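Asker: Please work out how this folds:
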Amino acid sequence: MTLTYSFDTRLDLYADKDWILEIYAACMLTAKKFKHKIRFFGDRYAHNKLSDYIDEYINIEDQSFKIVDDLKIYIHEVSDLDCITIDGDILLSHPLIFPNSSPDVIFEVAETRKNALKVENDFMSGYFSMVGIFNKYIDKAAIPHWNDKLRLCCNVGLIKFNNQKVKDRFIAEYKKLREVFIENIEPIEQLKAKGCIPSIIISQYNFGLLTTYLQTKVAFFKDFNNYTHFYGKVKFSNKTRLAIKSILTKKYLM
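Answerer: Residues are numbered from 1 along each chain as shown. Alright, predicted model coming up:
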């Protein structure tokens with residue numbers, strides 16, 4: 001089974017991109033030990049850092065991506081239904097397990113009011129603040145599934161589509177909301193300059209709304225797998241650094 005990773009240093013998401021690529025290296029190495037093949041969409045800088053772990057490389061320097069999830073969506077757009085995208089900071093503890101059913105799409109984890117979608121967490125994620133801002137600009141006639149109730153977000157750390165029509169619709173709706181953001185919201189609100197991550201609304205919240213509106217059969221990898229996701233500030237903790245260095249050191253000693 002092939003897992004598809006991606007990284008574009010041109011997005012300038014991290015001050016210490018080399019450390020992020022070390023996390024990628026450790027996660028890729030672990031996935032390979034579980035017999036997964038590694039496909040990588042990225043620029044030459046990232047590829048040079050990760051080439052020891054990659055089975056197939058696709059250079060993306062002829063493409064232009066403006067927000068975080070653009071590259072991930074592009075990968076699914078140009079790939080078939082066998083494609084599984086995975087974030088480079090997900091460290092597997094066993095080969096990836098799939099649900100027994102055949103859902104239209106599998107995301108990483110359901111974010112709900114029971115976990116991530118709590119008002120007190122808004123200072124970390126910005127979900128509530130950004131939904132309120134987006135709500136002011138969205139034409140509900142053009143995007144009929146939109147509402148600001150914030151009940152479900154589909155985390156895109158892992159994505160596997162099994163239904164072509166569903167995939168095409170999700171990608172089309174991503175692009176539609178992305179256009180609203182780039183043309184109408186960002187020039188006024190300057191969310192990226194404020195340190196917000198608008199892609200979590202354009203992809204994760206948008207996809208959560210779509211699953212309900214379209215009655216999509218959806219499943220979540222986290223319900224069937226044990227793994228570590230080094231999200232947010234956890235990437236830079238001493239505990240994470242020790243774990244990553246340990247994995248890579250063992251590789252070099254082999």
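
Asker: Please name the nearest non-neighbouring residue to Asp148.
Answerer: Nearest residue to Asp148, sequence neighbours excluded (CB to CB, 6 or more residues apart in numbering): Asn135, at 4.4 Å. Yep, even glycine has a C-beta here, placed from its N, CA and C like the rest.

Asker: element containing the closest residue to Ala26 other than its chain neighbours?
Answerer: Nearest residue to Ala26, sequence neighbours excluded (CB to CB, 6+ apart): Ile247, at 4.1 Å. Secondary structure assignment for Ile247, by DSSP states H and E: helix 238-253.

Asker: Contacts for that helix next, please.
Answerer: Glu22, Ile23, Ala25, Ala26, Leu29, Thr30, Leu91, Thr228, Phe230, Val234 (CB atoms under 8 Å, 6 or more residues apart in numbering).

Asker: buried ones in it?
Answerer: Counting neighbours by 16 or more other CB atoms under 10 Å, one finds that the buried residues in helix 238-253 are Thr240, Ala243, Ile244, Ile247, Lys251.

Asker: so where's the stretch 151-254 of the chain uncertain?
Answerer: Scanning the stretch 151-254 of the chain for pLDDT under 70 picks out 251-254.

Asker: for it, what spans make up the helices?
Answerer: For the stretch 151-254 of the chain, the helices defined by DSSP state H, counting those that start in this stretch cover 164-180, 186-189, 199, 206-213, 238-253.

Asker: would you turn these into a markdown table with distance to His36?
Answerer: A markdown table is the format used below for the helices of the stretch 151-254 of the chain (distance: least, CB to CB, whole Å):
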| stretch | distance to His36 |
| --- | --- |
| helix 164-180 | 22 |
| helix 186-189 | 36 |
| helix 199 | 25 |
| helix 206-213 | 24 |
| helix 238-253 | 15 |
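
Asker: Between those, which one is closest to Thr9.
Answerer: helix 199 (17.1 Å; CB to CB).

Asker: State the helix or strand in which Glu111 lies.
Answerer: strand 110-112.

Asker: can you pull out the strands in the stretch 51-200 of the chain?
Answerer: 56-59, 84-86, 90-92, 105-107, 110-112, 152-154, 158-161 (DSSP state E, counting those that start in this stretch).

Asker: so of the contacts of helix 238-253, which ones are in strands?
Answerer: Among the contacts of helix 238-253, the members found in strands (DSSP state E) are Leu91, Thr228.

Asker: Widest-spaced pair of the contacts of helix 238-253?
Answerer: With distances taken as CB to CB, the most widely separated pair in these is Leu29 and Val234, at 19.3 Å.

Asker: higher neighbour count, those two?
Answerer: Leu29 (18 against 12; other CB atoms under 10 Å).

Asker: surely that one meets Leu50?
Answerer: No - taking contacts as CB atoms under 8 Å, Leu29 lies outside contact range of Leu50: 9.8 Å.

Asker: helix, strand or coil for Thr4?
Answerer: strand (DSSP: H, G, I helix; E, B strand; the rest coil).

Asker: Who are the contact partners of it?
Answerer: Counting by CB under 8 Å, 6+ apart, Thr4 touches Arg39, Phe40, Phe41, Ile75, Ser79, Cys83, Ile84, Thr85, Ile86.

Asker: Where does the third one sit, in terms of helix or strand?
Answerer: To tie it back to what came earlier, the one meant is Phe41. Per DSSP H and E: strand 37-42 holds Phe41.

Asker: which parts of that strand are buried?
Answerer: Neighbour-count burial for strand 37-42 [16+ other CB under 10 Å]: Ile38, Arg39, Phe40, Phe41, Gly42.

Asker: Could you check how far the last one is from Arg178?
Answerer: For Gly42, the distance to Arg178 (CB to CB, to the nearest Å) stands at 21 Å.

Asker: With the first one instead?
Answerer: When distances are taken as CB to CB, Ile38 and Arg178 turn out to be 28 Å apart.

Asker: Could you do the fourth one as well?
Answerer: Plainly put, Phe41 is 18 Å away from Arg178 if you go by CB to CB.

Asker: got it, and Ala142?
Answerer: Distance, Ala142 to Arg178, using CB to CB: 13 Å.
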